[in-house]
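Undergrad: Got a sequence here, can you build the structure:
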Amino acid sequence: PVSASTDTHPFSAVSCASKTFCVFGDQSGQVVLFNGATWGTPATVSVPGAAPITSITCPLTTFCMEVDQNGNTKSSVNGSTWTGSGGTQLIHPGSLSCASSSFCAASDGFYVVLYTGTWNTGSSQNVGGSVSCPTTTYCELVEPGGFADRYDQANGWTIASIQIDPVNEPLAIGCASADF
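TA: Residues are numbered from 1 along each chain as shown. I've put the predicted structure just below:
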């Protein structure tokens, strides 16, 4: 059996780069590492009392990024030490996905912005929802109403005209590759 985390705050985000490297974020701005067997000590990502972590993405065991409720991001090369990556300028972002340390997308339900070393607010798409970027050249986004939008490096954002599920309106998306 696996022991419970010593973090006393509710978890609000999780990402696993492998079965032995998972990072959990909580509602007090702390992260906790899990190596598949034991929990690490909670580490503060932002100042105490800061905004809750709303999303974490770890595409590799050597890179993670988190975004808090105020749109501020921090990145880490080990899941323990975090440094500022700038602000997304999104209001209450809820979705963040990185394919690498130099390509991410974040969304707040209204807009989605890209990160290519810095947050590029000029790349914002006026539709948001849950975003997944399995490669540095491709993202999918499911927006309110159940529509899917696509980003590819050659064409930018393409807004879909097909509803995936108009009845249940999916709230999240995850893509393992550009084909799946």
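Undergrad: wait, isn't residue 145 in contact with residue 163?
TA: Yes - counting by Cβ atoms under 8 Å, residue 145 does reach residue 163; the two are 6.7 Å apart. For the C-beta atoms, the positions are set from N, CA and C on the backbone; glycine is no exception.
Undergrad: Can you mark which positions in stretch 11-25 are buried?
TA: Within stretch 11-25, the residues scored as buried using 16 or more other Cβ atoms under 10 Å are 11-15, 17, 21-25.
Undergrad: In contact with the closest residue to residue 132 other than its chain neighbours: list those residues for me.
TA: Using Cβ to Cβ, 6 or more residues apart in numbering and skipping the chain neighbours, the partner closest in space to residue 132 is residue 175 (4.4 Å). Residue 175 makes contacts with 132-134, 138, 140, as judged by Cβ atoms under 8 Å, 6 or more residues apart in numbering.
Undergrad: Now residue 175: which helix or strand?
TA: Under DSSP states H and E, no helix or strand contains residue 175.
Undergrad: Beyond the lowest-mean-pLDDT helix or strand in the chain, next helix or strand please.
TA: Least confident helix or strand of the chain, by mean pLDDT, DSSP states H and E, is strand 119-125 with a mean of 68. Following strand 119-125 in sequence order, the next helix or strand is strand 130-135 (DSSP H and E).
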